[in-house]
Structures are given as structure tokens and as C-alpha cells.
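J.: give me the fold of what follows.
(2 chains)
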Amino acid sequence: MDLRLTERQNMFKKAAAGFVKAEAPSHLITQWFRNKAAFLPDLYRKAAGLGWLGMVIPEEYGGASTSFTDCAVVFEELGRGPLPGPFFSSGVLSALLVLEGASEAQKKSLLPAICSGKSIVIAAITDKGVHWGAEAVETRLTRTTDGLVLDGTKRFVYDAEAATSFICAARMENGEIALVLVDRASPGISITAQVGFMVSVAEVRFDRVRVPISNMLGQAGAGWDILDRALEKALSILCAYQVGACQEIFDFTAEYTRSRVVFGQPIGRFQRVQDHCVELSIHLDAARWVTYETLWKLDSNLPAAASVHEAKAVASDAYYQVCNFSHMVHAGPGTDYGHPLMAHSVMAHTLYQYLGTPLHHKRKMMDVLYPRAKV
Amino acid sequence: MDFSLQADPQEIAAFRKEVRAWLEENMRGSEHLRWSATWSTRENEEEYRFRRNLAGKLGKKGWLFPMFPVEYGGAGLTINHQLVLETELDRYGISLNHVFYTIARIVAPVILKWGSEEQKREFLPPMTHGEVSVWQVLTEPQGGSDVATCHTKAVRDGDHYVVNGQKTMVGHHLPPDFLWTLVCTNPSGPRHENLGWLHIPGNLPGITIQHMYLMMGIKNTVFFDNVRVPAFYLVGGENNGWRVADTHLELEHGGEGRVGTDPLVERVVEYCQQMRVGEKPIMEDPNVRDLIADMMIELHTVSLFARRNFWHRFVREPHPYGGAQFRYYQRMVRLRNGERLQQIMGYDALVPDLTLHEVVDFEYIVRSGPGMLHGGGTLDTDRLVFARRVGLGRPTKEKAPTTI
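T.: Residues are numbered from 1 along each chain as shown, chains lettered A, B, ... in the order given. Okay, the predicted model is just below:
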């Protein structure tokens, strides 16, 4: 047992923290969130230059062959922002989708561009906002004499507006699910931002979009398996991002209890306010340790499927709860869109839904550990 | 990071073999015993004797306090050896803390930190050898969690302190060899600087012990009536009791850490797989599965916090707020799990099943949920300590004391 970060991880952490501080200070981040300008190409390119996209991808495909924990410490710092942009969605999730599901030739052509930031590949999976899972894949994929035709509407696609191409999950005529790579410039694609108490989410409509047959990732019908395999690894990095966000909120909330004076004393002297901070810390640390234990399992090649579901459930719930407890401490000022807490609150609600809610993942965890009888 | 408890470095592998074989030998005859959740909850003479005996045997090898210096009865080993002992005992459902029927597991490290050389040589070996039973005797009827407002007085009289007063809600069903306690040595002194810490032999004249029958099991009230305690038994020096208390309380209040596993979820699942309503086992009921998932996730978090605290303690970098956070959370989880058990099992959750290990006796968990919310200080003291360590509303942060 050793619960310290390695020297290399501390270096990554320091570099990422410095980057967020210099390039994305909290006053700028709140501005971006207010203006719904969540994708900043220059910032993305700079981060790519530092090697933070595709970190866990093997070097032969343009990645850095790092461990998951190495990558996680970087994403923890990005989460402190919370730095918006397709760092995770393209640089981790889609990179792993390609690594897990694509042919050798596809890996060679796609991965280096994802890792360098030249391509931004975004997974467009479900057609419904109400449900995450294979059942919610409705977009149709039809074979024609000279290729494939994609028809349907993906809703709540995270980071869609930044995409240069999509990995789209679609249902084939036999009911099975396939993943296809679709160029954003293909005729028939339209992207509409979805506005609400969320960030970076858009509807992507595929109107009889023609896709070459060579763009299918893996076997036809293997789509959801590929996605499951990629998620089993990728989600741990998203969890780390949420841990960083929780830590940042804990830090500025504790500081606020020192500086904010009402009724003649700093509010941190009120036991009710302390209680909010205790609960906040429990959610933060639950997310932190479940996440890092999961990362350790992934890095040690131990069975991790149940842990990954657990971590996503705990970390997404934690981020949401941590925001709420921080709101209790900050009261009015924390509800101003100019306050850093609001960027987090909006992000927390978005990530609560992204790739499955805590309840969804708790149930998946149970199904992994205690499979239900087949009906 | 490395979370493994059993990935032994090469030089440790032989030690694990040795411990495993030793336990196989020495745990023989324990198969029918049902391990109690704590040493204070149930009268079970046979189990108690077995545990004291086992502690004595572990102690002779220095394994009860493996990281303690050899001259005080430890084995001078490393955190990795400690992990081996903990995880091998865990195979039997017990831990080093747990096999050791007394609070000496906390007292010994405190004496190691605050005792004089002479005191360490006299007090520690009987504890590290597992020979004596020590009670922690802190709560007073008027004080509750406010242990610093101490009414039990110790007046210096030559080479002795004369102790008068009353402590309550302490100990278990069999009398102690020592009472480890806080006394007021200077009634006119300022708060926190008027206290002394005494390690009182249990057989001194003037000590009366009376059982109390509580929700969680047997506890006691201890009366001190002109008990003459040799001044040698004052630990930490004149009026320094509160600093000794600080170390003791940090360990007691979660800083101690733990690496054992909690078998509750396994037992609940077993129950749910066997119990059928109509055709199907209740394990197929989605509501039951959701309740078990929550139980599992929260208990896992409890065990991760405990593991974190264990690691921080033994690398001598105590976590600033980890003890208080763990203790508050663990007790709230226990309370919530009591309710979940009732939701899952109905009336079955209210019936003691003594064929089970008491730690996973469902009735005991339901009953001790509310009962154990305040042992050793209320939830509110945990949150208070948390606030001071994080420095909420304060310019400075209180530091966690270091221990072995």
C-alpha cells in the first residue's frame, strides 16, 4: 500500500495546475460559461501541444502510453477549472473507442490526429435524453449498393459543436448496433445547440447522411460492446475530472467561511455552516478514493468493471452534491453567473447526465457483481 | 498509488507464510466462536477468554504491536508487516484491534509518546504482550462529550494523588486491570491546563464498578472514593493531561485507521438470494438491489477512509481531518444501514441471530445504529474537530497529533 502520487505524477499535476491558472483563470472560465463559449480552439491546441490528449494511447499511435493514474492527475487539475472543451470526450473517450474497436488501418489514420488535436472526434450515442443505454439507440443505419446511409437525431451530444467528426451509434436493419465514423462536413448533418441548465450540449441531426462502408468501427453489431469496453477505461478519467472540480469547490468554500463575516463573525464559526462543509468533504473524498482505487485497478490489470460503474456513480453524485452544499454556504452570491460556483453547478448537472446517471451506474455495478436471473 | 493490501514486497512474502501457518495453528478451536463486534457489547465468557489468550500469544511474538520498538514488547517491524498481520487476521473476521479486547491498542501508542522512560518500561510490556485489560474512562455524568470539564479530582498528597469522582458509560462486562483516565489536578487552573492523565491500577481500594445495561450492551459506572494513586502513574507530567488527551482522542476518533473488510453486504446478499417471496428470491427485486447498492457504496467509502487514515497514521503524516470525517461518516452510514436492513428484511432485521458473527448480526446493526452514534463523543464533536482542522472560519488550522 502506498497512497502517494509518483514523482512523475506530481510533475504532471503541477504542469496542469499551472496551465489552468495561466490560461483559464476562474474569471475567464465564468465568462466562457456565461457566453456559452465552451470550446476554445486555441486553448485546446495549446493543451494538445502539452501532450494531454490521448495520454493513455500507445506511443505508436501518437499517444504517450501513460498509466490511467498519470492521465487522471492531469484531468483532476482540468476539472478544477472546470476547463470546458473536448479534452475528455475526444482525447480520452473517442481515442479509446478507436483503440478498442477500430481496425489497425483505422487506428493508424485516426489516433495520431486525435492525439495531436487536429481531429476532434465526438461520440454521438443515444437518441433520447431520458435514458442512457443501448435501448436508446434509434438512429438507423441502412446498407445501400455503394455504402451506408445514416438517418436519425442524436440528442444531448456533449461537445458536439467542437467536432470535426462523429462516432455515431446506429441501429442496423437486423436490430444490432454498429459504430460508424462520420465526417462533420458530410452533407445532411446539422448541429443545433441545446440550451438549458447544462453546457456544451447539442442535438446532431443526420439526414440521410452517406457513409463509406470502410468507416464502420469494428464488426457490424459489436457497437455496444466496443462502447462498453472503452467506457470501462475512459469513465475513470471523467471521474478524476469531477474529483478535481469537487476539490476546487471545497477549497474556495472553506476560504469563504473565513472571509465572509455576518452576525459579527466569520460564517465558518457557525456550526450549521460547518455541517455543510463536513458533508461536502465526505462527497469529495468518497469520489477521490473510489476513483483512485479504480484507476489503480485499471493500471494493475485487475477486474475493474464494477469499480468503474461505482466510481462514475459516486463521482457524478459527489460533484452535484458538493455544488449543492457549497451553495448552502455561499447563499445568494453563489447563484450569480459571475461566481465560479455557477460554472461548476452547470457542469455538475451536465456531467450527472453524461454517459449515464448515478442510478444507472449503480444498477450496472449490481448487475456486474450479482447478475440477474435471465427472464 | 497502490491500494493493495496483499501485494507483499519480496522480503515480506515469507513473513506472510509464517503468520498464516501460525494462525492456522492458533485459531484451531475457535470455529464455533462468534466474534463480537466490539469487546464491550456482549457477555460471552468463552469468546473473551479465547481472545485474551490469542492476544497473549500474539503479544509474546511482538505481533500485537508489530511496529513498536522491541524494547517495549513490539517487534520493530514495518507497515508492510503490520498489513500482513491485519489481512491474515481478517481471514478469520478479526483484526489486531479487534482481537485485542481492550483499549490498550490506543493507550500504548499514547504512553509511547507521552510516558517517561521509566513508565514506558513498566507500563508498555504488559500491554504489548496482551496481558492486561485497560479501560478508557473519560465520560462523566455531568460532562458527556465535554471531557475537559472534568469533575473527578486528583489532589496531590505526598507521593500520591487522591482521586474522588465518577466516570460513566465505560468498559465492558469483566473488570479491568487499569483505568486510563483524565482527572482535574488543579481546580483553579485555566481550562485545558488544569488536567492530569492517570493510568490507575484497577485493584486499588476505593474503586467501585457498577454495570449499566445499555442499548449497545454492557457498560459501567466507575466510582472513585479517596483512591490513593502513586504519583508514578501520572502520564505526560503535571497539568499536561489535555495534550495527552489530544493524542488519545485523535486515535480513538478515527485517526487509528483500519484495513479490515466488512462482511455485511456479503451476508445481506446471501440472505436475499435464499429468501423467496412467491417464486423469486428477493435479490431479483429492483428496490432491494438499489438498497444493497447504496449500502455497498457507502460501506466501501467507509473502508477507503479507514484505509487512508491507517496509511497516514503509519507513515507518520496524520491526515488533517480524516479521523473526524471518517468517524462521523461511519456512524451515519451505520445508522442508515440499520434502516436499509429493515427495508430489505422486514421483521427479520429485528431478531438477533446468534449463529452469525456479531459484526454481521443484522439485529445488532439495527440496534446499535442509534446506540453507537455517540460512543466516545457525539457526532457533533466529530464535526467540531473537523471544522478546527480545516480551519473553517479561522485563520489557522489545528494540527492532527502524530502517533505510531
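
J.: which parts of chain A are helices?
T.: Secondary structure of chain A by DSSP state H: the helices cover A:7-23, A:26-34, A:41-49, A:68-80, A:95-101, A:104-116, A:223-259, A:271-299, A:305-330, A:340-353, A:358-369.

J.: ok, the closest residue to residue A:298 other than its chain neighbours - contacts?
T.: With sequence-adjacent residues excluded and distances taken as CB to CB, 6 or more residues apart in numbering or on different chains, residue A:298 is closest to residue A:68, at 4.6 Å. Quick note: C-beta positions are derived from backbone N, CA and C, even for glycine. Contact analysis of residue A:68 by CB atoms under 8 Å, 6 or more residues apart in numbering or on different chains lists A:56, A:233, A:236-237, A:295, A:298-299.

J.: how is the chain divided into domains?
T.: Using chain A. Domain assignment for chain A by automatic domain parsing gives A:7-119, A:122-221, A:224-369.

J.: actually it's chain B I care about, not the one you picked
T.: B:10-101, B:134-240, B:257-390.

J.: and the closest residue to chain A within the stretch 251-400 of chain B, how far from residue B:191?
T.: Closest approach between the stretch 251-400 of chain B and chain A, counting by CB to the nearest CB: residue B:393, at 2.3 Å. For residue B:393, the distance to residue B:191 equals 20 Å [CB to CB, to the nearest Å].

J.: and the two? Which one has more around it.
T.: residue B:393 (24 against 10; other CB atoms under 10 Å in any protein chain shown).

J.: which helix or which strand is home to residue B:399?
T.: Using DSSP states H and E, residue B:399 falls within no helix or strand.

J.: so what's it up against?
T.: Applying CB under 8 Å, 6+ apart, we find residue B:399 in contact with B:320, B:389.

J.: from residue A:106, how far out is it?
T.: Taken as CB to CB, the span from residue B:399 to residue A:106 is 56 Å.

J.: how near is the residue in chain A sticking out farthest from the centre to residue A:334?
T.: Most distant from the centre of chain A: residue A:264, at 42.8 Å, with distances by CA atoms, centre = their mean. Distance of residue A:264 to residue A:334, computed by CB to CB: 22 Å.

J.: can you check residue B:136 too?
T.: Using CB to CB, residue B:136 is found at 43 Å from residue A:334.

J.: and residue A:233, by the same measure?
T.: Separation of residue A:233 from residue A:334 (CB to CB) stands at 35 Å.

J.: how far out from the middle of the chain is stretch A:280-296?
T.: Computed by CA atoms, centre = their mean, to the nearest Å, the chain-centroid distance of stretch A:280-296 equals 16 Å.

J.: for the lengthiest helix in chain B, what is the distance to the chain centroid?
T.: In chain B, taking DSSP H as the definition, the longest helix is helix B:286-314. Taking CA atoms, centre = their mean, one finds the center of helix B:286-314 at 18 Å from the center of the full chain.

J.: for it, which positions count as buried?
T.: Of the residues in helix B:286-314, B:288-289, B:291-314 count as buried by neighbour count, 16 or more other CB atoms under 10 Å in any protein chain shown.

J.: pLDDT score for residue B:90?
T.: On the pLDDT scale, residue B:90 is placed at 87.

J.: next one: phi and psi at the residue nearest to it when sequence neighbours are not counted?
T.: Nearest non-adjacent residue to residue B:90, counting by CB to CB, 6+ apart: residue B:260, 4.9 Å away. Main-chain dihedrals, residue B:260, degrees, to the nearest 10: phi -70, psi 170.

J.: once you drop chain neighbours, what's closest to whichever residue of chain A sits closest to chain B?
T.: Per CB to the nearest CB, residue A:268 is where chain A lies closest to chain B, at 2.3 Å. Of all residues not flanking residue A:268 in the chain, residue B:393 sits nearest, at 2.3 Å (CB to CB, 6+ apart).

J.: how about residue B:170?
T.: residue B:137 (4.9 Å).

J.: you'd agree the residue of the stretch 251-400 of chain B closest to chain A is in a strand?
T.: No. Counting by DSSP: H, G, I helix; E, B strand; the rest coil, residue B:393 is not part of a strand but coil.

J.: so what's it up against?
T.: Residue B:393 neighbours (CB under 8 Å, 6+ apart): A:257-258, A:265-270, A:273-274, B:387.

J.: separate out the buried members of these.
T.: Neighbour counting over these (16+ other CB under 10 Å) leaves A:257-258, A:266-270, A:273-274, B:387 as the buried ones.

J.: about what we covered before: how about the domains of chain A in JSON lines, adding mean pLDDT?
T.: Listed next are those as JSON lines, based on pLDDT from 0 to 100:
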{"stretch": "domain A:7-119", "mean pLDDT": "96"}
{"stretch": "domain A:122-221", "mean pLDDT": "96"}
{"stretch": "domain A:224-369", "mean pLDDT": "98"}
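
J.: those: which one's closest to residue B:247?
T.: Across the domains of chain A, residue B:247 has its closest neighbour in domain A:224-369 (22.8 Å, CB to CB).

J.: chain center to that closest one: distance?
T.: 13 Å.

J.: now the terminal residues of it, how far apart.
T.: End-to-end distance for domain A:224-369, by CA to CA, to the nearest Å: 20 Å.

J.: one more: stretch A:151-169?
T.: Span of stretch A:151-169 from end to end, CA to CA: 11 Å.

J.: that one: how far from the chain's middle?
T.: In this view, stretch A:151-169 has its centroid 14 Å away from the chain centroid, taken as CA atoms, centre = their mean.

J.: residues contacting the residue lying closest to residue A:167 once chain neighbours are set aside?
T.: Using CB to CB, 6+ apart and skipping residues adjacent in sequence, the residue nearest residue A:167 is residue A:123, 4.8 Å away. Going by CB under 8 Å, 6+ apart, residue A:123 touches A:89, A:93-94, A:97, A:157, A:166-167, A:169, A:227.

J.: 6 Å instead?
T.: Contact analysis of residue A:123 by CB atoms under 6 Å, 6 or more residues apart in numbering or on different chains lists A:93-94, A:167.

J.: ok, now residue A:241?
T.: A:75, A:78-79.

J.: near chain A, which of the buried residues of helix B:286-314 show up?
T.: B:289, B:293, B:301, B:304, B:311 (CB under 6 Å from any CB of the partner chain).

J.: what about the residue lying closest to the third one once chain neighbours are set aside, distance to residue A:242?
T.: Spatial nearest neighbour of residue B:301, excluding adjacent residues (CB to CB, 6+ apart): residue A:286 at 4.3 Å. Taking CB to CB as the measure, residue A:286 and residue A:242 are separated by 11 Å.

J.: who has more neighbours, these two?
T.: residue A:242 (32 against 26).

J.: distance-wise, check the more buried one relative to residue A:80.
T.: 11 Å.

J.: residue A:101 is in contact with residue A:218, isn't it?
T.: Yes. Using CB atoms under 6 Å, residue A:101 is in contact with residue A:218, at 3.9 Å.

J.: neighbour count for these two, which is higher?
T.: Neighbours were counted for residue A:101 and for residue A:218 using other CB under 10 Å; residue A:101 has more, 22 against 19.

J.: show me the shaky parts of chain B.
T.: Applying pLDDT under 70 to chain B flags residues B:34-43, B:99-102, B:354-359.
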